[in-house]
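J.: Next input, structure requested:
(one chain, ligands or ions: 2)
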Amino acid sequence: VLQNRNEEIVLVKNDIVNDENKVQNVVKDIRKDITTTKDNIKGKEKSISKKVKKHELNTIENKEKEKKPLLEHKTVHIEVKRDPKVQVARLKLPILGEEQRIMELVNENEFLIVAGETGSGKTTQLPQFLYEAGYAEHKMIAVTEPRRVATVAMAARVGHELALSSKEVSYLMRFEGNVTKDTKIKFMTDGVLLKEIQSDFLLSKYSVVIIDEAHERSVYTDILLGLLSRIVPLRRKRGNPLRLIIMSATLRIEDFTENTRLFKEPPPVIKIDSRQYPVTIHFNKHTYSDYLKEAFRKTVKIHTRLPEGGILIFVTGQQEVKYLVRKLKASFPYRKDVDYSKLITKTKPINEADAALDSEPDDIDSDDDEVEKEMKRAKKARRKAKQKIKTLPKINLDDYDMPDDDGQADLVDNDDESEGHLSDSDAEEDTLTPTIKSCRQPLWVLPLYSMLSSSKQAKVFAPPPVGARLCVVSTDVAETSLTIPAIKYVVDSGKKKMRVYDHVTGASAWRIVWTSQASAGQRAGRAGRVGAGHAYRLYSSAVFQHDCPPHHPPDLCRRPVDDLVLAMKCMGIDKVVNFPFPTAPDRMQLRLAEKRLETLGILEKPEVKKKKVDDDDMLKVTPLGKAVSAFPLLPRYGKMLALSHQQNLLSYTIALVSALTVPEVMSGKPDSWPATGHTLLLGDPGVLLRAVGAAEYAYVKGEEELFCAKYGIREKAIKEIRKLRKQLTSEINLSVAGVDVTIDPEMKPPNDNQARLLRQLVLSGLGDQVGRKIGLDEVKEGEDKRKFKYAYHCGELEEPVHLHSESILRKTIPEWVVYQELYETGAEERRKMVMRNVTAIEPEWLPVYVPQLCNLGEPLSDPEPRYDEKSGRVKCHFKGTFGKSGWELPTVEID
Ligand code: CDP
Ligand code: MG
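T.: Numbers count the residues shown, from 1 in each chain. Ligands and ions are numbered 1, 2, ... in the order given. Down below sits the predicted model:
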């Protein structure tokens, strides 16, 4: 158009150059033409985009149409012949009222979340609903549990309720199980299902997977949820749908429901409303450090003063459970030859003042006067009761039948101790010795913890013998995993064992910590299942408010990620950073871990010719990495073990790795150690190794305590190292074919050659942490040269790093070192970086043990490459540099 008009203008110009008006008109016409052309284009664009949209909608609709019929489940009704007694008990469970609603949602959806109070019947009933609706007809129903104890107990219970054998309702966990080809419902630990995914990614054996106790947020459960969120849509695409049911106590379910990483659309949630009777919470006035003693005292008081009703005591571990069980049994024994039925006192309503015992009522904000009055009333009641005190009858231990036989032998030892407990705080006015009358009522004391045999576990579900009061001493297993019937009183130590990780060594230790407020609520709730109950917290309300966190973060976010990344890569999960974790660990940490593992030769970029090789996500496990992943250690230590088995140094390396992964072994000055040749050769780890050997020798002679005190060695650390050595030794003997290591307690010092190999192994694991002595010529003008006596360059760090003041290498100050840890010390001007646990290395070793960080360039032509007959390889000379800072390496001859 413009061109045409142009020509016109030229014509016009030529013809009537002076006619301004005509020119103006032509310009107007041109403008008009341009706007109409623009409008035309816009109109075309609109109609095209409309068409595209319509097409997109059509495809989506088609897809929707495709998926709907695939989800259908033909409900068949499988006949079950339940014992009438079972049926009566079942009908009382809150979840039974929801059966129809749950099954409708299961049939119509692939994802479902079932949240309900502990004891509402989720674990025992839901698998039965599914079984009856035919979900076990062609494929199995899988139920995962984070705890072994629940895996066995629940399989047994569901089998019993369905009147099926263990062949049909079975369980499987590491080292144990009873699954058969006829298994319909399979209870398993979450780790087992994770292993199955490695060999059958689509889980084709199952029609439904139930992830139970999802609120526990175990590492395996979290990874399972991430994987299943992807497996389920895949199965639908194959026309073979898999359903995922997430079951959880009513704790923080928004971590699942509002999780867009896991689910594109929020899955339906069913909340089971269960009847929960009110539970009065009593805090202690004081928080005693000896919570076991306090738990014992409180239980004695409840048993001797308060009406019928089971007692559930929460402590932290197996040892504590056993200890309390022994003491309580000894104090209130159960005799087989006595008819206790006459003893039963009519259940009188509980007197609230009595119920307070010596605790504070829960209502911390309430009027102080009220609290005061309450206390006074309680005191008065106690004084009254005290007047009835008579002495304890003499007990002939042979006459008593204990609820179970463990601890029988210890009974005599503990007897005086337990009586002592009753009287040792007699000075305090509120301690009671039980009256004869109440003392005669025995306590039926049962232990409950994860490692307890299943037959003994089962006892907690049976009613106690007539006349005896049920008392279960449990770890946090009874918090949500198992519901014990007829509990009215809960005694809560407020403590739990939690795995704590050392982020440098990866060492994990069980620490006793305050429970979360959420856990405290769960524990208290156990007292309100059958009627109004009471929960006694053996700590003050101030502790609850200030020391108990609202929740503990999930396991996965508390642990170091190096071994997690390796474990996931071994499972074939390459894009660790993009993995849909329910709560994601720090992305940066995941990336750094991948980089570290690559430097250590545990991961590598695959040799693909495609463009994507630069992508970190594609890092794959090397054969060395596979071997490393077999060890329950951070990969850098696993690597030392994996390599040492080729060098025949295993027993030394096991001791060394054990010593390195236990924090703070030496607290004194190793100067008190005579520095012999080999300790010097080996550096700080050599000192550690020697300390372990010598302490072990002292232990055999029964002088461990003395020895440790004398040389400033932490005795507990030595015990931990001993345990770790044993564990690693048996693990290696089991898993590495043809290896049979024994622990040599005395551990002779390694000879020079062994010491050299050990240093190389240390380098192989710590190769990303190399330091090079700062030369005096590198010190800047005007700086005090003396300050640089023990100073090193480390990696890309600008500032100098110093040898630890207690490092044995201060005697020799070697040119090249590797260190276990860098840390900052001192305040402000005196602040400096220090390396701990330092080993001297030779720079020639770097191209062999840390090739990833060496830049060797082309082989030298002088001297010429040569063929080595012994190894059958061609050896070349290289002159290269190390690391990003380009530290010069000596000329090396390598393959
Ligand atoms: O999973 P959830 O906590 O919702 O409840 P459950 O474990 O299915 O327990 C439902 C009921 O079955 C509880 O009242 C338990 O005490 C009872 N039960 C039992 O009597 N015997 C067993 N071996 C297991 C559970
Ligand atoms: Mg359950």
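J.: Now do the residue of the chain found nearest ligand 2 against ligand 1, distance only.
T.: Using C-beta to the ion, the closest approach of the chain to ligand 2 is made by Thr123 at 3.2 Å. Yep, even glycine has a C-beta here, placed from its N, CA and C like the rest. Separation of Thr123 from ligand 1 (C-beta to the nearest ligand atom, to the nearest Å) stands at 3 Å.
J.: go on, Glu137?
T.: Taking C-beta to the nearest ligand atom, one finds Glu137 at 23 Å from ligand 1.
J.: contacting residues around that residue?
T.: Glu137 makes contact with 76, 78, according to C-beta atoms under 8 Å, 6 or more residues apart in numbering.
J.: quick revisit: can you report how many residues neighbour the residue of the chain closest to ligand 2?
T.: Other residues lying near Thr123 total 26 when counted by other C-beta atoms under 10 Å.
J.: My read is that it contacts Pro146, right?
T.: No: using C-beta atoms under 8 Å, Thr123 is not in contact with Pro146, being 12.0 Å away.
J.: shared neighbours, these two?
T.: Asp212.
J.: Grab the most central residue of this structure for me.
T.: Asp555 (3.4 Å; C-alpha atoms, centre = their mean).
J.: Please verify my assumption that that residue contacts Val219.
T.: Yes: the criterion here is C-beta under 8 Å, and Asp555 meets it with Val219 at 4.8 Å.
J.: Ligand 1 versus Trp845, what's the distance?
T.: 57 Å.
J.: could you point out which element follows the longest helix anywhere in the chain?
T.: For the chain, the longest helix by residue count, based on DSSP state H, is helix 20-67. The helix or strand immediately downstream of helix 20-67 is helix 84-91, counting by DSSP states H and E.
J.: Report whether that following helix contacts ligand 1.
T.: No: judged by C-beta under 6 Å from any ligand atom, helix 84-91 and ligand 1 are separated, with a smallest distance of 7.0 Å.
J.: tell me what that helix is packed against?
T.: helix 148-162 (3 or more C-beta pairs under 8 Å, 6 or more residues apart in numbering; DSSP states H and E).
J.: Where does pLDDT dip in the protein?
T.: Where the chain drops to pLDDT under 70, the residues are 1, 12-13, 15-18, 59-70, 342-353, 358-439, 504-508, 608-617, 667-681.
J.: got the residues of it near ligand 1?
T.: 93, 116, 118-125, 153, 157, 461, 483, 485.
J.: Can you tell me which of those residues end up in helices?
T.: 122-125, 153, 157.
J.: Is it possible to get JSON lines of those residues that adds distance to Glu607?
T.: Listed next are those as JSON lines, based on distance: C-beta to C-beta, whole Å:
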{"residue": "Lys122", "distance to Glu607": "49"}
{"residue": "Thr123", "distance to Glu607": "48"}
{"residue": "Thr124", "distance to Glu607": "52"}
{"residue": "Gln125", "distance to Glu607": "53"}
{"residue": "Ala153", "distance to Glu607": "50"}
{"residue": "Arg157", "distance to Glu607": "53"}
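J.: Separate out the buried members of these.
T.: Using 16 or more other C-beta atoms under 10 Å as the burial test, those include 122-125, 153, 157 as buried.
J.: Would you confirm that Leu96 belongs to a helix?
T.: Yes: looking at Leu96 with DSSP: H, G, I helix; E, B strand; the rest coil, it is inside a helix.
J.: where do the strands sit along the stretch 551-700 of the chain?
T.: 603-604, 620-621 (DSSP state E, counting those that start in this stretch).
J.: which of these is buried the deepest?
T.: strand 603-604 (a mean of 22; mean count of other C-beta atoms under 10 Å).
J.: Excluding its own residues, what touches it? List them.
T.: Here strand 603-604 has contacts from 566, 569, 594, 597-598, 619-622, 625, using C-beta under 8 Å, 6+ apart.
J.: what does stretch 822-833 give?
T.: Contacts of stretch 822-833 (C-beta under 8 Å, 6+ apart): 769, 794, 797, 799-802, 834-836.
J.: start to end distance for that stretch?
T.: One end of stretch 822-833 sits 7 Å from the other (C-alpha to C-alpha, to the nearest Å).
J.: Residue of the stretch 701-850 of the chain nearest ligand 1, please.
T.: Proximity of the stretch 701-850 of the chain to ligand 1 (C-beta to the nearest ligand atom) peaks at Gln727, 32.4 Å away.
J.: what's the closest non-adjacent residue to that residue?
T.: For Gln727, ignoring the flanking residues on the chain, the nearest one in space by C-beta to C-beta, 6 or more residues apart in numbering is Pro632 at 7.8 Å.
J.: my read: that neighbour touches Ile732, true?
T.: No: shown here, Pro632 and Ile732 do not form a contact pair, counting by C-beta under 8 Å, at 11.0 Å.
J.: Mind checking which of these two has more residues around it?
T.: Per other C-beta under 10 Å, whichever of Pro632 and Ile732 has more neighbours is Ile732, with 22 against 14.
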